[in-house]
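[1] Prediction below, plus the sequence it came from.
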Amino acid sequence: MGIFNKKKKGNWFVPKGQEPTEFDKKILYWQNKGKLVPRRGLILTPGQIDGVRQSGVINTALLDLVQEKIHAGMTTNEIDKLVYDFTKAHDAVPADLGYEGFPKSCCVSINEEVCHGVPSDDVVLEEGDIVNVDVTTIYKGYFADASRMFIIGKTTPEKERLVKVAKECLEEGMKAAVPFSFVGDIGNAIQTHAHKNGYTVVRDLCGHGVGLKFHEEPEVTHYGRKGTGMLLVPGMVFTIEPMINMGGYKVFIDEDNGWTVVTDDELPSAQWEHTFVMTDNGLEILTH
Ligand code: MF3
Ligand code: CO
Ligand code: CO
């Protein structure tokens, strides 16, 4: 988790001998005001965006498949196998597998597990569980990253509300992300909605630039002040993936597997994620 550099970054420049376009001028305006702005590499071409969109189609079909098959009594490794087989059958690659040593093709995080749950033969889904399945697909080199919550059978009204509000938090974040807004506008909207509902926002993990790489700038925090963080301009591709806790915001990493992030107070957590491209008219979801 990095700390935002509040100093002028000087990321944007106009090549020598070229006149700044209107687009350049808008970015330079904020850069001169000391805001963090993207570098050119974070702005994808229409062709690249189309590549991420195609990867997103497979990613969405995968989560649809999980939605259809998930049930009480299923092991989390069975979900992993579904993801692996479907991904391979579509000439794609599961980005999680081998990523920094991650041993599986997706993350399955249950109840108090916040994220990065490692699929296992020993973990069986039970009636009443709330489960996040997070999948990242690489197709023709383009990355699409999304996750959904699934409720196994019937759960408690409390957990059901958490799942619903976590989804609303993602939607509030999306609404705040308009062209030439800031990452902090997204975080502020998410945090406001979570707090209004009596929940907290995980601070140690964030959304991220994606598309050409798995994890890239900007760091999309799900809390924060308006007008802070990186400027969001058309062509940028990134995720929003708020992790909303029923209790406190603190989390720790499970020592047994070195991956699974769990709430400190062991109260439940819920998360929804999409990959987006910023357009001239706001966000377009690339994973649905
Ligand atoms: N998909 C996760 C995210 O949203 C990252 C999982 S990395 C893994 O960024 F190694 F745990 F798979
Ligand atoms: Co992500
Ligand atoms: Co993800």
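    Thanks, I have it. Numbering: from 1, shown residues only. Ligands and ions are numbered 1, 2, ... in the order given.
[2] Tell me how many other residues surround the residue lying closest to Pro218 once chain neighbours are set aside.
    Among residues not flanking Pro218 along the chain, Met230 sits closest, at 3.8 Å (CB to CB, 6 or more residues apart in numbering). C-beta coordinates here come from the backbone N, C-alpha and C atoms, glycine included. Close neighbours of Met230, defined as other CB atoms under 10 Å, add up to 24.
[3] can you tell me which helix or strand the residue nearest to Thr228 when sequence neighbours are not counted belongs to?
    The shortest distance from Thr228 to any non-neighbouring residue, by CB to CB, 6+ apart, is to Gly184 (3.5 Å). Per DSSP states H and E: Gly184 is located in helix 183-196.
[4] Moving along the chain from that helix, name the first helix or strand you hit.
    Where DSSP H and E defines the elements, the next helix or strand beyond helix 183-196 is strand 200-201.
[5] distance of the spatially closest residue to Val220 that is not a sequence neighbour from Lys81?
    With sequence-adjacent residues excluded and distances taken as CB to CB, 6+ apart, Val220 is closest to Gly207, at 3.1 Å. As for Gly207, its distance to Lys81 is 28 Å (criterion: CB to CB, to the nearest Å).
[6] Between those two, which has more neighbouring residues?
    Using other CB under 10 Å, the more surrounded residue of Gly207 and Lys81 is Gly207, with 27 against 14.
[7] quick one, helices of the stretch 101-250 of the chain?
    157-176, 183-196 (DSSP state H, counting those that start in this stretch).
[8] what's the closest of the ones you listed to Ser120?
    Closest approach to Ser120 among these (CB to CB): helix 157-176, 21.8 Å.
[9] quick one, that closest one and helix 183-196 angle?
    150 degrees (axes from the mean of the first three to the mean of the last three CA atoms, to 10 degrees).
[10] Distance from the chain centre to helix 157-176, please.
    In terms of CA atoms, centre = their mean, to the nearest Å, the centre of helix 157-176 is set 14 Å apart from its chain centre.
[11] what do you get for stretch 79-86?
    The answer for stretch 79-86 is 20 Å, by CA atoms, centre = their mean.
[12] got a list of contacts for it?
    61-62, 65-66, 69-70, 94, 97, 104-106, 108, 119, 133, 135 (CB atoms under 8 Å, 6 or more residues apart in numbering).
[13] again with stretch 95-113
    With CB under 8 Å, 6+ apart, stretch 95-113 has contacts from 76-77, 79-80, 83-84, 87, 94, 115-119, 123, 125, 129-138, 143, 145, 147, 159, 214, 259-263, 266-269, 271.
[14] Those also near ligand 1: which ones?
    With CB under 6 Å from any ligand atom as the criterion, the contacts of stretch 95-113 include His116, Asp134, Thr136, Asp145 near ligand 1.
[15] Out of these, which comes closest to ligand 2?
    Asp145 (4.1 Å; CB to the ion).
[16] hang on, the closest one packs against Phe214?
    Yes: in terms of CB atoms under 8 Å, Asp145 counts as a neighbour of Phe214; the distance is 7.4 Å.
[17] Appreciated, that's everything.
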